[in-house]
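Undergrad: fold the following and give me the result.
(chains A, B, C and D)
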2 protein chains.
Amino acid sequence: MNSTFSALAEPNRFNIVELLRDGPLSVGDVAVQLGLNQPQTSKHLRVLCDAGLVEVHAVANRRIYKLRAAPFQELDAWMESYRRIWEERFDRLDDYLQELQRKEANPDNKQ
Amino acid sequence: MNSTFSALAEPNRFNIVELLRDGPLSVGDVAVQLGLNQPQTSKHLRVLCDAGLVEVHAVANRRIYKLRAAPFQELDAWMESYRRIWEERFDRLDDYLQELQRKEANPDNKQ
DNA sequence: TCACAATATTCCTTGACAGGAATATTCCAT
DNA sequence: ATGGAATATTCCTGTCAAGGAATATTGTGA
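TA: Below you'll find the predicted structure:
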């Protein structure tokens, strides 16, 4: 999960992922379509691979990279816990303010 | 979107977000619950704030931070485009391989 | 086997960022 | 208005990651 965020935080890698969303591609094709040079492309793909976002498949001379579903499903599952409550809890200041006042009244009561 | 990933890529900030999922908290409370010291906590909250993941609300001496729904909904929307196709496309190597062969046959045809 | 295409790796430099410590700021309560 | 919480900011340092250039590697087809 952490490595997923780190990997996607880099703009070029994010673009690579968006590009691969449309299907698998070779290193060269990724490089051309994103206007990157080959070494950087390989390096970014390696990071994505290490993070598990992508997997390789050797075909003749090329290496075809494609997205892996797992980390996206994991991300989806993580989001789920936020979807459930983002109308409920995020805005519930009242509870917390009362909590604060209560603590103010008798500081020892750690609840 | 980019700033969202960058913000969440840092482990402490990720933990702060997870903590705030349960409701708003003051800087001090965040610091205590995560075992951080106050300055780093403030700094991380600032980054989260700049990224729009969090918003502040001054209450007496304290500043209460809470999650903002927007970036999570944006992330959710982004995920949506992956959910739709992760069984379909991610694994469709065949198409691409045929595409490669086709290009091999007559390189000039850029499709 | 050999040359070449496709890809990966290394080395280097530079910039961004996190943590620590100290200090500045803000704002309430008296 | 003033002392003291609570919070924010600055300065410094070390680390890490990205880009560029050059080079190494791998695998294929002739």
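Undergrad: then A:Y65 would be within a helix, right?
TA: No - going by DSSP: H, G, I helix; E, B strand; the rest coil, the assignment for A:Y65 is strand, not a helix.
Undergrad: find me the pLDDT at it, would you?
TA: Here the pLDDT value assigned to A:Y65 is 96.
Undergrad: can you check A:A69 too?
TA: With respect to pLDDT, A:A69 has a value of 90.
Undergrad: mind checking how far it is from DNA strand C?
TA: Applying C-beta to the nearest atom of the strand, to the nearest Å, the value for A:A69 to DNA strand C is 20 Å. Any C-beta I mention is one placed from the backbone N, CA and C, and that applies to glycine too.
Undergrad: please apply the same query to A:R13.
TA: According to C-beta to the nearest atom of the strand, A:R13 and DNA strand C sit 14 Å apart.
Undergrad: which residue packs closest to that residue, ignoring adjacent ones?
TA: In this structure, A:R13 finds its nearest non-sequential neighbour in A:H44, 4.9 Å apart by C-beta to C-beta, 6 or more residues apart in numbering or on different chains.
Undergrad: just say helix, strand or coil for the one you found.
TA: Applying three-state DSSP to A:H44 yields a three-state assignment of helix.
Undergrad: same question, A:E55
TA: A:E55 - assigned by three-state DSSP - is strand.
Undergrad: ok, it touching A:A69?
TA: No - using C-beta atoms under 8 Å as the test, A:E55 is too far from A:A69 to be in contact (10.3 Å).
Undergrad: contact partners for A:N15?
TA: Applying C-beta atoms under 8 Å, 6 or more residues apart in numbering or on different chains, we find A:N15 in contact with A:L34.
Undergrad: re earlier: any idea how many residues pack against the residue nearest to A:R13?
TA: By the measure other C-beta atoms under 10 Å in any protein chain shown, the count of residues near A:H44 is 24.
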